[in-house]
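**Student:** Prediction below, plus the sequence it came from.
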Amino acid sequence: MENAEKKSLKITACHVRMGIIEGVFNAKSGHPGGSLSAADLFTYLYFKEMNIDPKAPKAPGRDRFVLSKGHTCPGLYSTLALRGYFPQEELKSLRHIGAMLQGHPDMKGTPGVDMSTGSLGQGISAACGMALAGKLDGKDYRVYSLLGDGEIEEGQVWEAAMFAGHHKLDNLCLIVDNNGLQIDGPVEEVGGVGPIDKKFEAFGFDVQTIDGHDFDAIEAAFQHAKTVKGKPSVIIAKTVKGKGVSFMENQVGWHGAAPNAEQYETAMADLKKILAEVEAE
Amino acid sequence: MAEVVKYATRESFGMALTELAEQYPDVVVLDADLAAATKTGIFKKKYPERFIDCGIAECNMIGVAAGLAACGKIPFAASFAMFSAGRAFEQVRNSVAYPKLNVKIVGSHAGISVGEDGATHQCNEDIALMRSIPGMVVLNPSDHYEMKAAVKAAIEHHGPVYLRLGRLAVESVNNNDDYQFELGKGITLRDGKDITIVATGLLVGESLKAANALAEEGIDARVINIHTIKPIDRELIVKAAKETGKIVTAEEHNVIGGLGDAVCSVLSEECPTPVVKIGVNDEFGHSGPAVKLLEQYGLCASHIAEVVKKALQK
């Protein structure tokens, strides 16, 4: 990836992270940890990878994105706002009564949201259905779905993975946000999901493991996934939960908690510092 | 008059889907390894490219159907009621109904008449589960002709529908040439002034038989067929209550949460009327031949007639 492009993506990712903090702070609740860990993935998908048009969010030929780990919608909302699906001002009313931005994604009310999700393990199945519809109709759109590493403890994820492998859904690309933490603690202590790569391999996937904060690696992985024929792809993205906000990084307590006013200022200062550094590159 | 035929409604469902497939090219069918039993196999044979085997994974099947619907397909996702409405309840609620996706949930082998397979497969709770979901249309056709009309109506209705199918063959009751199926509209199959039997599904035929037997004893019972349990035909039920004063409901389902409760809910709000509910009395079933089980649980014409007589004596 060229440096100018990488710099631009990094700047966008910083703004995505600021939007996450803005939304969750104003909501006084929500899920910042897993939104921040996936911010670089959201950024790459919506600003580089996907064939989408914010002016035509329902275009039949568009690529689809299903946020299977629906609780990290502050990350998706912030990205959609930056991409122009709706005004960024909406982030300030996240989770409020009458707001467009619900606590979990609502495809009926939010432009750019391709599937209502939130109950873990269900988004991946819908993504399989969308990919299958593309195959049935001979269309060439691709379907992306982001899962949490805690989420994949759900049995339905593996029903869907078996389905995707069996039906050879090579237009489906899963991403596992492997930040290593879930509500009750480290994923390997709570649910024991590993080895994630070998499990997906056994279900017939092309598997790649990357650094989920490295845009060169993210690009290479998505490029490779598009060349895979006859089987679905999964990108296991190693990430840091709370990435970019010093006091949230790798802290399980920030899975589903909002910063207070003081913490908000610190978080924004952290992100502004990173932004200044990136801009100076 | 159309010919009196005897088919299980699952069979009629499979036939109807197949007959309508050409007219509705967006219809696709999903099954979870029960195509031979739910009769989606009839469709599969003629339209294999529009049939999706999901394996024994009902929760994923409902989610896949949701994704297909989000891309413009009209998926029918079929399994036994126990699994499509029961096991996958939360997928139906969150992946289908909340986003109002155009998925038709098919629950075959509903009720006690599954027979020998016994309690684990006899779903007497599906109507209660499905009618509790906002926006869900709940259909429980009574015979061959009604099932065929219901399948077409389900396709033409844009939004989630639950369609209940039975395993046991039943004689057709809707044989009149002017038979019309309208979503949400009950049908008065027999007029009467003494009491009204409000029935659904398999028990519509049994209720008619009961009314005919009662007529010989001088009791004039009205019979209403409720094929759409949600949205329910409030007007027809209130009218019957006002005109006949007493109501008996009959369904092959738990007396909690099914047709009987839906009728009571309407009447308690609009026209308080004594109601006696015939159904499975909040218990599990067990193995046995379907017809014997229906008799044992009181889901048959003779028991309906007895209940009506008792209700009239009160």
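**Tutor:** Right, received. Where do you want to start?
**Student:** which non-adjacent residue is nearest residue 275?
**Tutor:** No chain in the question, so chain A it is. In this structure, A:Leu275 finds its nearest non-sequential neighbour in A:Cys14, 4.3 Å apart by CB to CB, 6 or more residues apart in numbering or on different chains. Every residue, glycine included, has its C-beta placed from N, CA and C.
**Student:** That was the other one, I meant chain B.
**Tutor:** Counting by CB to CB, 6+ apart, the nearest residue to B:Val275 once its immediate chain neighbours are dropped is B:Ile247, at 4.6 Å.
**Student:** ok so, going back, pretty sure the residue nearest to A:Leu275 is in a helix, no?
**Tutor:** Yes: under DSSP: H, G, I helix; E, B strand; the rest coil, A:Cys14 falls within a helix.
**Student:** quick one: contacts for it?
**Tutor:** A:244, A:271, A:274-275, A:278 (CB atoms under 8 Å, 6 or more residues apart in numbering or on different chains).
**Student:** okay, the residue nearest to B:Val275: pLDDT?
**Tutor:** B:Ile247 carries a pLDDT value of 98.
**Student:** do the same with B:Asp177
**Tutor:** pLDDT at B:Asp177 comes out at 89.
**Student:** Likewise for A:Gly192?
**Tutor:** Turning to A:Gly192, the model gives it a pLDDT of 86.
**Student:** Could you do B:Lys314 as well?
**Tutor:** So B:Lys314 comes in at 85 (pLDDT).
**Student:** excluding its backbone neighbours, what's nearest it?
**Tutor:** Closest to B:Lys314 by CB to CB, 6+ apart is B:Pro274, at 6.8 Å.
**Student:** Next, the contact list for that neighbour, please.
**Tutor:** Each residue near B:Pro274 by CB under 8 Å, 6+ apart is listed here: B:246-247, B:311, B:314.
**Student:** Let me know the pLDDT of A:Tyr144.
**Tutor:** 98.
**Student:** no, scratch that, I was asking about B:Gly159
**Tutor:** 98.
**Student:** and the residue nearest to it when sequence neighbours are not counted, what helix or strand is that in?
**Tutor:** Leaving aside its sequence neighbours, B:Gly159 sits nearest to B:Lys100 (CB to CB, 6+ apart; 5.6 Å). Of the helices and strands defined by DSSP states H and E, none includes B:Lys100.
**Student:** quick one, helices of the chain?
**Tutor:** Using chain A. Secondary structure of chain A by DSSP state H: the helices cover A:3-27, A:32-37, A:39-44, A:73-83, A:123-137, A:155-166, A:187-190, A:196-202, A:215-227, A:261-280.
**Student:** Hmm, no, I was thinking of chain B.
**Tutor:** Here chain B has its helices, by DSSP H, at B:9-20, B:35-38, B:40-46, B:58-70, B:81, B:89-91, B:126-131, B:144-156, B:202-216, B:234-244, B:259-270, B:290-296, B:301-313.
**Student:** Nearest to chain A, out of these?
**Tutor:** Chain A sits nearest to helix B:58-70 of all the helices of chain B, at 2.1 Å, using CB to the nearest CB.
**Student:** Any part of the closest one near chain A?
**Tutor:** Yes: Helix B:58-70 is in contact with chain A by CB under 8 Å from any CB of the partner chain, via B:59-70.
**Student:** ok, back up a step: for the contacts of A:Cys14, pick the one with the most neighbours.
**Tutor:** Compared across the contacts of A:Cys14, A:Gly244 has the highest neighbour count, 25 neighbours, by other CB atoms under 10 Å in any protein chain shown.
**Student:** Quick check: it vs A:Ile218, distance?
**Tutor:** 16 Å (CB to CB, to the nearest Å).
**Student:** what are the bridge partners for B:Ala199, then?
**Tutor:** Following DSSP bridges, B:Ala199 is listed with bridge partners B:Asn225, B:Ala250.
**Student:** can you tell me which residues contact it?
**Tutor:** B:142, B:206-207, B:223-226, B:249-251, B:259.
**Student:** The nearest residue to A:Glu281 once chain neighbours are set aside: neighbour count?
**Tutor:** Counting by CB to CB, 6+ apart, A:Lys7 is the residue found nearest to A:Glu281 once chain neighbours are left out, at 5.6 Å. By the criterion of other CB under 10 Å, A:Lys7 has 16 neighbours.
**Student:** show me what contacts A:Lys7?
**Tutor:** Contacts for A:Lys7 (CB under 8 Å, 6+ apart) come out as A:278-279, A:281.
**Student:** what does A:Pro32 give?
**Tutor:** Residues near A:Pro32 by CB under 8 Å, 6+ apart: A:20-21, A:24, A:74, A:242, A:245, A:248, A:254, A:257-259.
**Student:** phi, psi of the residue lying closest to A:Pro57 once chain neighbours are set aside?
**Tutor:** Spatial nearest neighbour of A:Pro57, excluding adjacent residues (CB to CB, 6+ apart): A:Pro111 at 4.5 Å. Main-chain torsions, A:Pro111, degrees, to the nearest 10: phi -60, psi 140.
**Student:** on that earlier part again, chain B versus the residue nearest to A:Leu275, what's the distance?
**Tutor:** 32 Å (CB to the nearest CB, to the nearest Å).
**Student:** Also A:Phe25?
**Tutor:** Where chain B is concerned, A:Phe25 sits at a distance of 27 Å (CB to the nearest CB).
**Student:** Is A:Gly148 in contact with A:Gly123, as I believe?
**Tutor:** No: if you go by CB atoms under 8 Å, A:Gly148 and A:Gly123 don't touch, sitting 10.3 Å apart.
**Student:** quick one: common contacting residues for those two?
**Tutor:** Shared contacts of A:Gly148 and A:Gly123 (CB under 8 Å, 6+ apart): A:68-69.
**Student:** ok, B:Val92 - contacts?
**Tutor:** B:62, B:84-85, B:105, B:130, B:133, B:136, B:160, B:162 are the contacts of B:Val92 under CB under 8 Å, 6+ apart.
**Student:** and with 10 Å instead?
**Tutor:** Shown in contact with B:Val92 (CB atoms under 10 Å, 6 or more residues apart in numbering or on different chains): B:58-59, B:62-63, B:65-66, B:77, B:84-86, B:98, B:103, B:105, B:129-130, B:133, B:136, B:160, B:162.
**Student:** And it, how close does it get to B:Val161?
**Tutor:** For B:Val92, the distance to B:Val161 (CB to CB) stands at 11 Å.
**Student:** Now do the shared contacts for these two.
**Tutor:** By CB under 10 Å, 6+ apart, the residues touching both B:Val92 and B:Val161 are B:103, B:105, B:130, B:136.
**Student:** so which of these are also by chain A?
**Tutor:** B:Val103 (CB under 10 Å from any CB of the partner chain).
**Student:** Kindly reformat the shared contacts of B:Val92 and B:Val161 as JSON lines containing pLDDT and neighbour count.
**Tutor:** Below are the shared contacts of B:Val92 and B:Val161 laid out as JSON lines (pLDDT from 0 to 100; neighbours: other CB atoms under 10 Å in any protein chain shown):
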{"residue": "B:Val103", "pLDDT": "98", "neighbour count": "32"}
{"residue": "B:Ile105", "pLDDT": "98", "neighbour count": "32"}
{"residue": "B:Met130", "pLDDT": "98", "neighbour count": "31"}
{"residue": "B:Met136", "pLDDT": "98", "neighbour count": "21"}
